[in-house]
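Q: A predicted structure for the sequence below; I have some questions about it.
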Amino acid sequence: MTRLYVLLILSLPASVCAFAQATLERCVELAQENYPLIRKYDLLNRTKDVHLSDINKGWLPQISLYAQGTVQNETPSFPESLSEMLGRTGTDISGLDEWQYKAGADISQTIWDGGASKARRKTERAENAERQAAVDVRLYAVRERVENLFFGILLIEEQAEQTRAMQTLLQSSLDKLRAMRKNGTAMQSDVDMVEAQFLCNAQQLIQAESASKSYRRMLETFTGTSLAGKELVKPDASVPQNLLPERPELRRFEARLKTNEAKNASIAARTMPKIGLFAQAWYGYPGFDYFKSMTNRDLSFNLLAGVKVSWNIGAFYTKKNDKLKLKLSSEDISAERDVFLFDTNLKVRSQLDRIDELKAVMKENGRIVELRASVRKAAESQLDNGVIDATALLAKLTDEKQARLTASYHEIQLLQSICQLKYTLNK
C-alpha cells in the first residue's frame, strides 16, 4: 500500500503539468467537437434512415379506400321489344338505375419493380455519403481557424515574454543611472530617457497581455473549454515525408462520383417492366352481374383480382441522354478534382520553399542574439565608466530585444509554416 502511495505522489506532478498544458491537436479536436456543425452528422444519418424506410415501405401492400355516389342521364337497358316480351312472362326488367353508389377498396402489391427500389437505396446511401463529405470539408476549415488563433497567441505571448525581459534590463539600467545621478556621474536627462523607455515598454507589455487574453478568449469560445493558466505547447516541427494530399475535399469528389454511379442504376431500372398483384373490392350498386342489377336495386359485394404487368417504353427514349448527362457530370467532377490537386501541389511547393527559407535564416539567429547581448553588456560597462550616454545604451538594448524577438518569431513562423503544410496535406 505504501508503494502505491509513493507511485501516486511521483506521478502527480506530471499529471498536473499535463493538465496545465494545451496542445494544438487537442485544441483542434475540441473545437471540431464543440462546433455546432457537428450536429449535422447525426441529422444526416437520421434523415438517411427515414428515406430508406420510405423506400422499403414501397414493398408493402398499397391500399386506398373510397366511397362514391353518381347519377347518370343514360344507363344500359334491354331493347323495348325485348322488355315487353319478357314482361308478358311476368319478368320486370326496368334497366340500371340512374342513381349508383358504392364503397370499396383498391389493393396493389408490387412483386418486381425492375430494381428501382434497390437503385433508390443505393442512390440514397451515396447521396448521404456525399452530404457527409461536404460537412467534413466545412468542419475541416475549423482546423485552420484554430491554428491561426493558436499561433497568434504564441507570437503575442513570445512578444510579451521578450518585453518582460526588456523591462528587467531597463529597470536594472534605470536603478544604476539613478544611483549615478546621486553620485553626480550621470545627468537627469539620462535618467529621464531610460525611465521614459521603461514606461513605453510597460505600455507595450500591457497591450501584448491584453491581446493575448483576447485571443485566448476566442480560442476558448472555439474549444468550449477554459485555457486560464494553461501553457500552449509548441507543436512538432517535423515535416511530413509523404506529400500526397489526403484532404476531405478529395473524399467529397469521390463521393460525388459514386453518387453518379448509383444514379446509373436508376436509369437502367426505369427501362425495366414492373409486375404486381391488384385487387378491387366494393359493396354497392350496380354489381358485376348487370342482368341482376337491371331487375332489382339490391346492393351486392363485388371482387376483382389479377396480375398486372406494366412497361414504360418511353424510358428508352431518354436513356441514352440520361447516361450521357451523368457521364458529363462525372467528367466535370474529375476536372474539378484535378484543378484542386494542381492548386494544392502548387501550394505545397510554395510552403516547402518557405520552410527551407526560414530554416536557412534561423541558422544565424542564435549567433546574432549572442552578439547583440555582448554589445549590450559592453555598453552597460561603458555607461558605468562614462564613455557613452543613455541614448547609446538604449539603442543597444533595443537591438538586443529586436534580435531576440526576431529569433522567436522565426521559430514560431517555422512551426506555423509546417502546420500549414500539414493542413494543406491533411497530415
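A: Okay, I see it. Numbering: from 1, shown residues only.
Q: tell me the strands in the stretch 51-200 of the chain, going along the chain?
A: Taking DSSP state E, counting those that start in this stretch, the strands of the stretch 51-200 of the chain run over residues 62-71, 99-112.
Q: so how far is the first one from its chain's centroid?
A: Here the centre of strand 62-71 is set off from its chain's centre by 50 Å, with Cα atoms, centre = their mean, to the nearest Å.
Q: And the strands of the stretch 51-200 of the chain: which comes nearest Leu139?
A: Among the strands of the stretch 51-200 of the chain, strand 99-112 comes nearest to Leu139, with 40.3 Å by Cβ to Cβ. Using the backbone N, CA and C atoms, a C-beta is placed for each residue, glycine as well.
Q: can you tell me the average pLDDT over that closest one?
A: For strand 99-112, the mean pLDDT works out to 90.
Q: the bottom helix or strand of this protein by mean pLDDT?
A: helix 2-19 (a mean of 41; mean pLDDT, DSSP states H and E).
Q: just to revisit the earlier point, quick one, which of the strands of the stretch 51-200 of the chain is packed in tightest?
A: Highest mean neighbour count among the strands of the stretch 51-200 of the chain (mean count of other Cβ atoms under 10 Å): strand 99-112, with a mean of 15.
Q: Summarise which helices and strands that one is packed against.
A: strand 62-71, strand 274-285 (3 or more Cβ pairs under 8 Å, 6 or more residues apart in numbering; DSSP states H and E).
Q: Rebuild those as CSV, extending it with mean pLDDT and distance to Leu425.
A: Output for the helices and strands packed on strand 99-112, formatted as CSV (pLDDT from 0 to 100; distance: least, Cβ to Cβ, whole Å):
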stretch, mean pLDDT, distance to Leu425
strand 62-71, 90, 53
strand 274-285, 91, 50
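Q: got TSV for the ones you listed, with distance to Ile38 too?
A: Output for the helices and strands packed on strand 99-112, formatted as TSV (distance: least, Cβ to Cβ, whole Å):
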stretch	distance to Ile38
strand 62-71	39
strand 274-285	42
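Q: Out of those strands, flag the one nearest Trp99.
A: strand 62-71 (5.4 Å).
Q: How about residues contacting the closest one?
A: Glu98, Trp99, Gln100, Tyr101, Lys102, Ala103, Gly104, Ala105, Asp106, Ile107, Ser108, Gln109 (Cβ atoms under 8 Å, 6 or more residues apart in numbering).
Q: got it, and stretch 250-262?
A: Against stretch 250-262 from outside (Cβ under 8 Å, 6+ apart): 119, 122-123, 125-127, 129-130, 132-134, 136-137, 326, 329-330, 333-334, 336-337, 340-341.
Q: buried set for it?
A: Of all the residues in stretch 250-262, those buried under the rule 16 or more other Cβ atoms under 10 Å are Leu250, Arg251, Arg252, Phe253, Ala255, Arg256, Leu257, Lys258, Thr259, Asn260, Ala262.
Q: distance of the third one from Ala133?
A: In this case it means Arg252. As judged by Cβ to Cβ, to the nearest Å, Arg252 and Ala133 stand 4 Å apart.
Q: One more: the fifth one?
A: When Cβ to Cβ is the yardstick, Ala255 and Ala133 sit 4 Å from each other.
Q: The second one too?
A: When distance is defined by Cβ to Cβ, Arg251 is 5 Å away from Ala133.
Q: list residues touching both of the two?
A: Common neighbours of Arg251 and Ala133 (Cβ under 8 Å, 6+ apart) do not exist.
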